[in-house]
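Undergrad: can you look at this prediction? I've put the sequence above it.
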Amino acid sequence: MPHAAPAVDGFFTTDPDPALLGTRCSTCGTYHFPAETFFCRNPACDGTTLEQVTLSRRGKVWSWTMNRYAAPPPFPQTEPFEPYGVAAVELAEERMIVLGMLTGNFEALKIGDEVELLVEPHVDGETLIWKWKPVA
Amino acid sequence: MRNVAVLGAGMHPWGKWGRNFVEYGVHAARAALADAGVDWQDVQFIAGGETVRNGYAGYVAGSSIAQALGWSGARVATAYAACASGASAIDIARARILAGLCDVALVVGADTTPKGFLAPSGGERKQDPDWLRFYLLGATNPTYFAFYARRRMELYGSTEKDWAAVKIKNARHGLNNPNARYRKEVTEEDVLASPVVSEPLRLLNICTTSDGGAAVVLCSLEYARSKGVKDPVKVSAVSTVTPRFPKTVIDLPDIATDSAAAAAPPELTFRDSIAAAAYEEVGLGPEDLDVAEVYDLSTALELDWYENIGLCKEGEAERLIRDGDTTIGGRIPVNPSGGLACFGEAVPAQAIAQVCEVTWQLRGQAQGRQVDGAKVGLTINQGLFGHGSSVILTK
């Protein structure tokens, strides 16, 4: 899928080792994803300088699910529908949980298992999306 | 203690009626006004819960319903707080009464919902987290419910049979509730044979969406006395708290949580803090409760709520359902109305419906599902984008 564009701008890089794009408050160090660019969400911080950063490419599964019914639009509608996995993944350095669709062999995933970020085609193949893949 | 009285409660039965939401709202309002013995034209303030699925009339639900009841010059407000909209509307009416700005108010919420998953508003809206979670991730509401359910399973040994027990209990509770949409016993086999929606949750673990309407008439204690009601059910606390930063539990519609890199997480999770604020406002604790209505969007989530409202410690909720503690006749009955399992969700009406049920319980009028001698009841719920919703009622 070399010509497909990201499903959304500014959320992730498409390098060979892709990463999510967030921001980090220069004043207090709080991370934000999706990126905040005008304010820091820490109520004790009035920082307004938010630098773009790439987030950790690996994290641990906080929880996950396999969806066996198609989500409604704007989720891309495909025929036939293929069940799809979604994970909530804890990033240690950023101390936050980030969602993502799952790819690879994830049927036996357990909470705490390590996953890695990839960029792959979305379910309809039209755009690119970030996904979490179990680390073998 | 700063109380207001619940002078009247009324509902339009939940179902999939497919009619204009205003009809359900008017039906519920008239039922609540009749219950209160108050003429609509004497109501000084009307607060509506907004519905976002019914066009402009839904955005201004308070005035849409006021117009249908007949313009009376009453002051009006419409509140939107997602699933917590009803509690926000109650809170506004309560505050107005306590401030002495009015004596008697009508609070009403009603909805007409489409079939299937609740979906975001249309168009391409890449700045809207609620739109993005569907577009990027297919993260339906049950996706989040499934995250919590899997954690209960792996961390606390929760089983599909425990979740079926919640459904069986709520189905039994709702059998005689004339306002419930589903009034049918459910077996463990029924639950375990229903199709998987979002692993590990099956169809019968997840609540549906419904049409319905609910209303309460709130007034000052003096006004209640003037109506001959000396010992009314009282709204003694309303918690509409927001989360504290950093919110570290993933919640719909979030794509990511706050970061705890620079600030330590608060002592209480958001859901714990909703009930804690209500208890604190009235000076009561979980040991004082006789009955609770919790938001069982999923059966497994009902177990989470047991812990969030302090009925047991974290990881112990399975024991409560296994021991029958939360069944009518048990130590602390939960969802005697039948809960969302029997109602399905009618978003702006649901938090008001919870208050209606506890009102009837505390009056001893919950025929066929009465919790004996109930004097203190709590409702709890959470609206997406950070809306707490908990009401404590006392008799």
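TA: Structure received. Residues are numbered from 1 along each chain as shown, chains lettered A, B, ... in the order given.
Undergrad: can you get me the start-to-end distance on stretch B:265-272?
TA: Terminal residues of stretch B:265-272 are spaced 13 Å apart (CA to CA, to the nearest Å).
Undergrad: and that stretch, anywhere near chain A?
TA: No - counting by CB under 8 Å from any CB of the partner chain, chain A is not contacted by stretch B:265-272; separation bottoms out at 8.6 Å. Every C-beta, even on glycine, is put in place using the N, C-alpha and C of the backbone.
Undergrad: how about that stretch: buried residues?
TA: Neighbour-count burial for stretch B:265-272, counted by 16 or more other CB atoms under 10 Å in any protein chain shown, picks out B:265-266, B:269-272.
Undergrad: ok, and what's touching it?
TA: Contact with stretch B:265-272 is made by B:243-249, B:251, B:273, B:276, B:304-305, B:307-308, B:382, B:386, B:388, as judged by CB atoms under 8 Å, 6 or more residues apart in numbering or on different chains.
Undergrad: ok, which of those also contact chain A?
TA: B:245-246, B:248-249.
Undergrad: spatially nearest residue to the most centrally placed residue in chain A, not counting backbone neighbours?
TA: When CA atoms, centre = their mean is applied to chain A, the residue found nearest the centroid is residue A:100 (4.3 Å). Among residues not flanking residue A:100 along the chain, residue A:132 sits closest, at 4.5 Å (CB to CB, 6 or more residues apart in numbering or on different chains).
Undergrad: on the three-state scheme, that neighbour is what?
TA: Residue A:132 falls in the strand class when you classify it by DSSP: H, G, I helix; E, B strand; the rest coil.
Undergrad: and it, how many neighbours does it have?
TA: Look at residue A:132: counted by other CB atoms under 10 Å in any protein chain shown, it has 28 neighbours.
Undergrad: list the contacts for it?
TA: A:59, A:61, A:87, A:89, A:100-103, A:115-118.
Undergrad: that older thread, of the ones next to chain A among the contacts of stretch B:265-272, closest to residue B:37?
TA: Proximity of these to residue B:37 (CB to CB) peaks at residue B:249, which lies at 44.5 Å.
Undergrad: can you report how many residues lie near that closest one?
TA: 20.
Undergrad: what does the pLDDT read for it?
TA: Here, the pLDDT recorded for residue B:249 equals 96.
Undergrad: can you tell me the element the residue nearest to the centre of chain A falls in?
TA: strand A:96-102 (DSSP states H and E).
Undergrad: what are the contacting residues of that strand?
TA: Contacts of strand A:96-102 (CB under 8 Å, 6+ apart): A:20, A:31, A:33, A:55, A:59, A:62, A:64, A:84-91, A:109, A:115, A:117, A:123, A:129-133, B:133, B:137-139, B:246, B:248-250, B:254-261.
Undergrad: where does the chain dip in pLDDT?
TA: No chain in the question, so chain A it is. Chain A contains residues with pLDDT under 70 at A:1-3.
Undergrad: wait, chain B was what I had in mind.
TA: B:1.
Undergrad: what's the domain layout of it?
TA: Here the domain parsing of chain B from automatic domain parsing is B:4-115+B:212-234, B:132-202+B:235-394.
Undergrad: out of those, flag the one nearest residue A:24.
TA: Nearest of the domains of chain B (CB to CB): domain B:132-202+B:235-394, 8.2 Å.
Undergrad: what's the first-to-last distance across the closest one?
TA: Using CA to CA, one end of domain B:132-202+B:235-394 lies 42 Å from the other.
Undergrad: mind naming the longest strand for the chain?
TA: Going with chain A. If you go by DSSP state E, chain A has its longest strand at strand A:58-67.
Undergrad: that answer is for a different chain, and I need it for chain B
TA: From DSSP E, the single longest strand across chain B is strand B:4-15.
Undergrad: that strand pairs with which strands, parallel or anti?
TA: According to DSSP bridges, strand B:4-15 forms sheet pairs with strand B:211-219 (antiparallel), strand B:233-239 (antiparallel).
Undergrad: quick one: contacts for residue A:127?
TA: Going by CB under 8 Å, 6+ apart, residue A:127 touches A:4-7, A:121.
Undergrad: specify the beta-bridge partners of it.
TA: On the basis of DSSP bridges, residue A:127 is bridged to residue A:5.
Undergrad: what helices or strands is the helix or strand harbouring residue B:173 leaning on?
TA: Assigned by DSSP H and E, residue B:173 falls within helix B:160-174. Packed against helix B:160-174 by the contact rule (3 or more CB pairs under 8 Å, 6 or more residues apart in numbering or on different chains; DSSP states H and E) you find helix B:188-193, helix B:299-308, helix B:317-323, helix B:339-343.
Undergrad: where along the chain do the strands fall?
TA: Looking at chain A here, since you left the chain open. Under DSSP E, chain A gives strands at A:5-6, A:21-25, A:31-32, A:50-54, A:58-67, A:84-91, A:96-102, A:114-121, A:127-134.
Undergrad: I was thinking of chain B, sorry if that wasn't clear
TA: B:4-15, B:45-49, B:75-79, B:104-111, B:196-198, B:201-202, B:211-219, B:233-239, B:291-293, B:376-383, B:387-394.
Undergrad: can you give me how far the longest one is from the chain middle?
TA: The chain centroid and the centroid of strand B:4-15 are separated by 13 Å under CA atoms, centre = their mean, to the nearest Å.
Undergrad: for the domains of chain B, give me CSV that also has distance to residue A:14.
TA: Formatted as CSV, the domains of chain B follow (distance: least, CB to CB, whole Å):
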stretch, distance to residue A:14
domain B:4-115+B:212-234, 34
domain B:132-202+B:235-394, 15
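Undergrad: select, out of these, the one closest to residue B:124.
TA: domain B:132-202+B:235-394 (8.4 Å).
Undergrad: quick check: closest non-adjacent residue to the spatially most central residue of chain B.
TA: Nearest to the mean C-alpha position of chain B, counting by CA atoms, centre = their mean, stands residue B:351 at 3.2 Å. Take residue B:351 and drop its neighbours on the chain: the residue closest to it by CB to CB, 6+ apart is residue B:86, 3.2 Å away.
Undergrad: what does residue A:70 give?
TA: residue A:81 (4.5 Å).
Undergrad: how far away is the one you found from chain B?
TA: To chain B, residue A:81 is 10 Å away according to CB to the nearest CB, to the nearest Å.
Undergrad: so how far is residue B:138 from that residue?
TA: Here residue A:81 is placed at a distance of 10 Å from residue B:138 (CB to CB, to the nearest Å).
Undergrad: what sits in contact with each of those two?
TA: Jointly contacting residue A:81 and residue B:138 under the rule CB under 8 Å, 6+ apart are residue A:70.
Undergrad: and stretch B:111-130, what's buried?
TA: B:111-113, B:117-120, B:129-130.
Undergrad: so which of those residues is the closest to residue B:178?
TA: The shortest gap between residue B:178 and any of these belongs to residue B:111, at 19.0 Å (CB to CB).
Undergrad: around the closest residue to the closest one other than its chain neighbours, count how many other residues there are.
TA: Take residue B:111 and drop its neighbours on the chain: the residue closest to it by CB to CB, 6+ apart is residue B:346, 4.1 Å away. Neighbourhood size, residue B:346 [other CB under 10 Å]: 31.
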